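Asks: need a structure here:
(2 chains)
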Amino acid sequence: MKYRDTHAGDVRAADVGRTVLMAGWTARIRDQGGVVFVDLRDASGVVQVVIDPEVVPEAVALKREFCVSVRGEVARRPAGSENFELPTGDVEVVVSELTVLSPSRALPFQLDERTDVDELVRLKYRYLDMRRPRVAANIRARSVAVAAMRRTLHEAGFLEIETPTLIKSTPEGARDVLVPSRLQLGDFYALPQSPQLFKQLLMVGGVERYFQIARCYRDEDFRADRQLEFTQLDVEGSFWDQEDVLATIESVVVAVVQDVRGVGLAAPFPRLTYREAMDRYGTDKPDLRFGMEIADLTALFADTGFKAFSGAIAGGGVVRGLNIGRQDMSRSGLDALVDDAKAAGAGGLVWMVVEDDGGVRSPVAKFLSAEELEGVTTTLSASPGDHVLIVADRSRVAAEVLGRFRVRFGSPPGHDELNFLWVVDFPVFEETTTGELVAAHHPFTAPVDVEEMGISPATAISRAYDLVLNGAELGSGSVRIHDAATQRKVFEILGINPEEAERRFGWFVEALGYGTPPHAGFAIGIARLVSILQGEPNIREVIPFPKTQTGVDPLTGSPSPVEDHQLAELGIDLLPEVRAARLAGEHTGGSAPEGDPQGGA
RNA sequence: GGGGGCGUGGUGAAGUCAGGAGUUCACGCCGGCCUGUCAAGCCGGAGGUCGCGGGUUCAAAUCCCGUCGUCCCCGCCA
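Replies: This next block holds a predicted model:
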């Protein structure tokens, strides 16, 4: 059976007089008694079809979201009855034949977008949710974005290569998602956190340019921009240095933005070093759609008598200030900021308000000299009404606290503006709160200077870089280590002893010993990029079937218990308390409405 | 692991602070009318264990305790 020869959204005045066969959904029905208007929607759009119930009696039984096929003649709408909101609004299709391909039950929520429907309900009925313009547009945009990525990279000579998704667990960084092996009883695969080591092996193998739309898995807690499983554009190139990577990624991003937004981006993108980003914006992913820079006041307070400041400076710390502009804040509101700063790890926070006469109101004003107060307002360009926040602490703490206030009080414009930015020169390692060194990017990142890394690892700079868009980290990459000796050195600094390094990464380090080309690469979070381009507040909106914050899929009910024989085959025995909890029905997930969602007669 | 917001017919909301009969509004749903509507309109109707459990009270959607779900955030995310 032929269902259609014309798409609803494509019907135009030029088609008047043609007989068309269309198929789609009855988005809206306006039954006038003697004539029935139906908005027929398919993936291409909407067209109004007109039905005379005496000619087509089935029309009387139509409800919303029936899947139907109609045959009819395209006609110009009577003068005055055009709908100029619709691309098809000057025509309509006069139906001669209507087939209900599939009726619909009453809907659990309305598909118009007048109100925000609870997300849990949307996810439980995601197949209906994606009939709505919002998710439908996001799914399309994502496809357009991925197509632009593939096209750009194929044209530049890259090979698209799949790497395994059942791989060796090399725990470090994120928690692995584990999969038990039946054939190797008691052993486990891990799902990849990224294809990192496989793409490096591809470089060893002589694949000089690789990319993949790669599914990745990290078993950490969810956020608006983080899911258990996600997709990255993963890219790697041999005989590449940092500049080759940045240029290639820029060309991909420019193509994506052109195709998704219809906007040409200027490249190359601006760059900041990690150090600059931290000092001026208090974060390694600054949103540069607005200014509000953090200023260093350490020199100004070098000889201050105010102990909170002098103490911090004497301890090797800094004094930094942020002008958050005019604010309507009460004394208690300002004091609440002090608590927020403490919660974020600072010893304290000093606030100042510039008075109309240029004087400064602050709980600590009496401890500061006139020159110091003057210096603050001058350095921060604070004018009457402006509120100033000052933190004296270790450099990292001051940056982080003020960086958060900057984001909180800064006012970025709408999502129309796209501010891409490279942050380069990340450190090789960062120190944990317990003083251990961990890889800032990952342990396969090349240092700028291997000797220097050996001497003072804590301050060594790497050849790692991040791509930032509107204050969000879109992705990161690095020049990789391509010799076994440097790789072993990094493992050593990370406190991984040679035996452990051999057990976990021996297979990889061995590969580096066979003429590995210098190589470098990058990975971009696709949902993050598309969600920002689409102006969405979270990545679930651009994921067709996302999970909730507790890792549950409300539609299918996964994860779910499995049969005992399945566990037995895998040699798995649930803890008695886990088994009891399951039997008691705890954590069964999902409280969305069950059964007939409509009630009614 | 921690902090915060939310949970009221199918959907969205008001009611909760300050206890007094499941009250209200919009949409949807069901039935009827209607030949130019397009968020159609008009008339009529059905539909709720106020997430769940316990407590206080003469009386709980409302106050208290616990719990579940969901969202945002901190930790975590090499």
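Asks: Do you know the pLDDT at A:Gly173?
Replies: Note on A:Gly173: pLDDT of 82.
Asks: Just give the closest residue to A:Asn138, not the sequence neighbours.
Replies: Excluding the flanking residues, the one nearest A:Asn138 by CB to CB, 6 or more residues apart in numbering is A:Val542, at 4.5 Å. In this view, the C-beta of every residue, glycine as well, is placed from N, C-alpha and C.
Asks: Would you confirm that the one you found contacts A:Arg140?
Replies: No - at 10.3 Å, A:Val542 does not count as touching A:Arg140 under the criterion of CB atoms under 8 Å.
Asks: Show me where the stretch 301-450 of chain A has its helices.
Replies: Residue ranges of the helices in the stretch 301-450 of chain A, as given by DSSP state H, counting those that start in this stretch, are A:307-314, A:331-343, A:370-379, A:395-409, A:450-455.
Asks: At the contact with RNA strand B, which residues of the stretch 401-550 of chain A appear?
Replies: Neighbours of RNA strand B within the stretch 401-550 of chain A, by CB under 7 Å from any atom of the strand: A:432-433, A:438-443, A:537-538, A:540, A:548-550.
Asks: and if we set it to 6 Å?
Replies: By CB under 6 Å from any atom of the strand, the residues of the stretch 401-550 of chain A that approach RNA strand B are A:438-439, A:441-443, A:538, A:548-550.
Asks: Tell me which two of the residues you listed sit farthest apart.
Replies: A:Pro443 and A:Thr548 (32.7 Å; CB to CB).
Asks: Between those two, point out the one with more neighbours.
Replies: A:Pro443 (22 against 16; other CB atoms under 10 Å).
Asks: Spell out which residues of the stretch 51-200 of chain A are next to RNA strand B.
Replies: A:63-64, A:77-78, A:81-83, A:92, A:106, A:108-110, A:112, A:114-121, A:172-174, A:193-194, A:196.
Asks: distance between the ends of stretch A:545-552?
Replies: Terminal residues of stretch A:545-552 are spaced 11 Å apart (CA to CA, to the nearest Å).
Asks: quick one: it to chain centroid distance?
Replies: In terms of CA atoms, centre = their mean, to the nearest Å, the centre of stretch A:545-552 is found 15 Å from the chain centre.
Asks: and if you look at stretch A:170-183?
Replies: 24 Å.
Asks: Can you give the contact residues for that stretch?
Replies: A:166, A:169, A:187-191, A:193, A:197, A:217-220, A:228, A:439, A:442-443, A:504-505, A:569-572 (CB atoms under 8 Å, 6 or more residues apart in numbering).
Asks: ok, now stretch A:303-315?
Replies: A:298, A:301-302, A:318-319, A:347-348, A:350, A:364, A:367-369, A:372, A:392-394.
Asks: tell me the mean pLDDT for that stretch?
Replies: The model assigns stretch A:303-315 a mean pLDDT of 93.
Asks: Please identify the buried residues of it?
Replies: For stretch A:303-315, the neighbour count (16 or more other CB atoms under 10 Å) marks A:304, A:306, A:308-310, A:312-313 as buried.
Asks: Reformat the residues you listed as JSON lines; add distance to A:Trp422.
Replies: Formatted as JSON lines, the buried residues of stretch A:303-315 follow (distance: CB to CB, whole Å):
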{"residue": "A:Thr304", "distance to A:Trp422": "37"}
{"residue": "A:Phe306", "distance to A:Trp422": "38"}
{"residue": "A:Ala308", "distance to A:Trp422": "36"}
{"residue": "A:Phe309", "distance to A:Trp422": "34"}
{"residue": "A:Ser310", "distance to A:Trp422": "38"}
{"residue": "A:Ala312", "distance to A:Trp422": "32"}
{"residue": "A:Ile313", "distance to A:Trp422": "32"}
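Asks: By proximity to RNA strand B, which residue of chain A wins?
Replies: In chain A, the residue that lies nearest RNA strand B is A:Gly173 (1.8 Å; CB to the nearest atom of the strand).
Asks: Torsion angles phi and psi at that residue?
Replies: phi 80, psi -130 (degrees, to the nearest 10).
Asks: that older thread, can you pull the contacts of the residue nearest to A:Asn138?
Replies: A:Val542 is in contact with A:138-139, A:141-142, A:527, A:530-531, A:534, A:536, counting by CB under 8 Å, 6+ apart.
Asks: How about A:Arg528?
Replies: Per CB under 8 Å, 6+ apart, neighbours of A:Arg528: A:225, A:469, A:472-475, A:539.
Asks: Please flag which of those sit within strands.
Replies: Assignment to strands by DSSP state E places the following of the contacts of A:Arg528 there: A:469, A:472-475.
Asks: just the buried members of those?
Replies: Members of the ones in strands among the contacts of A:Arg528 classed as buried by 16+ other CB under 10 Å are A:469, A:473-475.
Asks: Find the pair from those residues with maximum spatial separation.
Replies: Longest span within these, CB to CB: A:Leu469 and A:Gly475, 9.5 Å.
Asks: Can you pull the phi/psi pair for A:Ala8?
Replies: According to degrees, to the nearest 10, A:Ala8 has phi -60, psi -40.
Asks: before we move on, back to that, tell me which of the buried ones among the ones in strands among the contacts of A:Arg528 is nearest to A:Ile161?
Replies: A:Gly475 (18.6 Å).
Asks: separation between that closest one and A:Tyr514?
Replies: As judged by CB to CB, to the nearest Å, A:Gly475 and A:Tyr514 stand 29 Å apart.
Asks: now swap in A:Val260 and tell me
Replies: 41 Å.
Asks: Could you check which of these two has the larger neighbour count?
Replies: Applying other CB under 10 Å to A:Val260 and A:Tyr514 shows that A:Val260 carries more neighbours, namely 20 against 9.
Asks: Contact partners for A:Ala398?
Replies: Under the criterion of CB under 8 Å, 6+ apart, the contact list for A:Ala398 reads A:282, A:317-320, A:346, A:391-392.
Asks: Helix, strand, or coil at A:Val509?
Replies: Of the three states, A:Val509 takes helix under DSSP: H, G, I helix; E, B strand; the rest coil.
Asks: circling back to that earlier point, would you list the contacts of A:Val542 in CSV and tack on pLDDT?
Replies: Shown next, in CSV, are the contacts of A:Val542 (pLDDT from 0 to 100):
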residue, pLDDT
A:Asn138, 97
A:Ile139, 97
A:Ala141, 98
A:Arg142, 98
A:Ala527, 98
A:Val530, 98
A:Ser531, 97
A:Gln534, 96
A:Glu536, 95
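Asks: Thanks again, I'm all set now.
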